[in-house]
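# Quick one: sequence plus predicted model below, questions after.
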Amino acid sequence: MFFDPMYFLWLAPALLLAGLAQLWISSAYSRASARPARMSGYSAARRILDAAHLQDVQIEQVAGHLSDHYDPSAKVLRLSGEVFHGQTLSAVGIAAHEAGHAIQDAVGYIPLVVRNLAVPVAGFGSSIGMGLLFVGILLTFKPLIWIGLILFSAVAVFQLVNLPVEFNASSRAKALLVDLGIVPPEDMGAVRNVLSAAALTYVAATLQSVLTVAYYATRFAGVGRSDD
């Protein structure tokens, strides 16, 4: 019952998009990493934060590849080593994007507020919801299937809310890099390429979540009916 070729047909558009996004971001990141910048990722982020009067936001180095993120609870911007120390267009672009999230937090950007509230719900729905869904399918118990599906839907909702947050952070980053003289306009093509490729990965993840919910709703919502 758990292996259904139709599942992969349902998810095919999202999986194809995710594959293309990964190829694009790998290519864009590689090209932008070969282009020198005027300062390191750390210096770029610090300059953007200071210009936004966010001297209280600290910048820390963290382990991992492309593990860069902004922690709104600690008010800390964490950059991977290659971005923190890297003096390349890819490094300053990624650092500026994360600094954009810090600015969103400071100005109370509503989609970010909603996303932060949705994080624990999405985490719970991802683990517990899918478990209940599979138990419901195994027992052919329709109410449990619906409960699991509704909980898992929180993941799709989170992904949908996350899209404007990421797009807005990239828009802020691109404008600030030029306005603050961190990247000259003629070099912004490489930065835009990296940020656009990264945005496509979020679109692919969102599409996959939505299609997963749609598949299970269509495939198993009627389990237990007399005509099954």
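Great, that's in hand. Numbering: from 1, shown residues only.
# so what's the residue nearest to the spatial centre of the chain up against?
The centroid of the chain falls nearest to residue 202 when counting by Cα atoms, centre = their mean (4.8 Å). Residue 202 makes contacts with 159, 162, 163, 166, as judged by Cβ atoms under 8 Å, 6 or more residues apart in numbering. In this view, the C-beta of every residue, glycine as well, is placed from N, C-alpha and C.
# among those residues, which are in helices?
Those of the contacts of residue 202 mapping onto helices are 159, 162, 163, 166, per DSSP state H.
# Run a quick neighbour tally on the first one.
Right, residue 159. 21 (other Cβ atoms under 10 Å).
# if you skip the residues just before and after it, what's nearest to it?
The shortest distance from residue 159 to any non-neighbouring residue, by Cβ to Cβ, 6 or more residues apart in numbering, is to residue 206 (3.9 Å).
# before we move on, the earlier item: among the ones in helices among the contacts of residue 202, which one lies nearest to residue 217?
The closest of these to residue 217 turns out to be residue 159 (Cβ to Cβ; 16.4 Å).
# if we can go back for a sec, what about the residue nearest to residue 159, neighbour count?
Close neighbours of residue 206, defined as other Cβ under 10 Å, add up to 22.
# Could you give me the buried positions within the helix or strand harbouring it?
Assigned by DSSP states H and E, residue 206 falls within helix 188-220. For helix 188-220, the neighbour count (16 or more other Cβ atoms under 10 Å) marks 188, 190-213, 215-216, 220 as buried.
# And for residue 99, nearest residue in space, chain neighbours not counted?
Distances taken as Cβ to Cβ, 6+ apart put residue 48 closest to residue 99, at 4.2 Å, once the chain neighbours are dropped.
# now the helices: where do they sit in this structure?
Going by DSSP H, the chain shows helices at 5-33, 41-51, 81-85, 89-107, 110-124, 130-139, 142-179, 188-220.
# now these in CSV, with mean pLDDT?
Listed next are the helices of the chain as CSV, based on pLDDT from 0 to 100:
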stretch, mean pLDDT
helix 5-33, 94
helix 41-51, 98
helix 81-85, 97
helix 89-107, 98
helix 110-124, 89
helix 130-139, 86
helix 142-179, 93
helix 188-220, 93
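# so of these, which one's packed in deepest?
Of all the helices of the chain, helix 89-107 has the most neighbours on average by mean count of other Cβ atoms under 10 Å, namely a mean of 25.
# elements contacting it?
Secondary-structure packing of helix 89-107 (3 or more Cβ pairs under 8 Å, 6 or more residues apart in numbering; DSSP states H and E): helix 5-33, helix 41-51, strand 69-71, strand 76-80, helix 81-85, helix 110-124, helix 142-179, helix 188-220.
# Pipe the ones you listed into CSV and attach distance to residue 135 per row.
Listed next are the helices and strands packed on helix 89-107 as CSV, based on distance: least, Cβ to Cβ, whole Å:
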stretch, distance to residue 135
helix 5-33, 18
helix 41-51, 45
strand 69-71, 33
strand 76-80, 37
helix 81-85, 42
helix 110-124, 16
helix 142-179, 6
helix 188-220, 12
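# Which one of those lies nearest to residue 96?
For those, proximity to residue 96 was assessed by Cβ to Cβ; helix 142-179 is nearest, at 3.6 Å.
# Which other helices and strands does the closest one contact?
helix 41-51, helix 89-107, helix 110-124, helix 130-139, helix 188-220.
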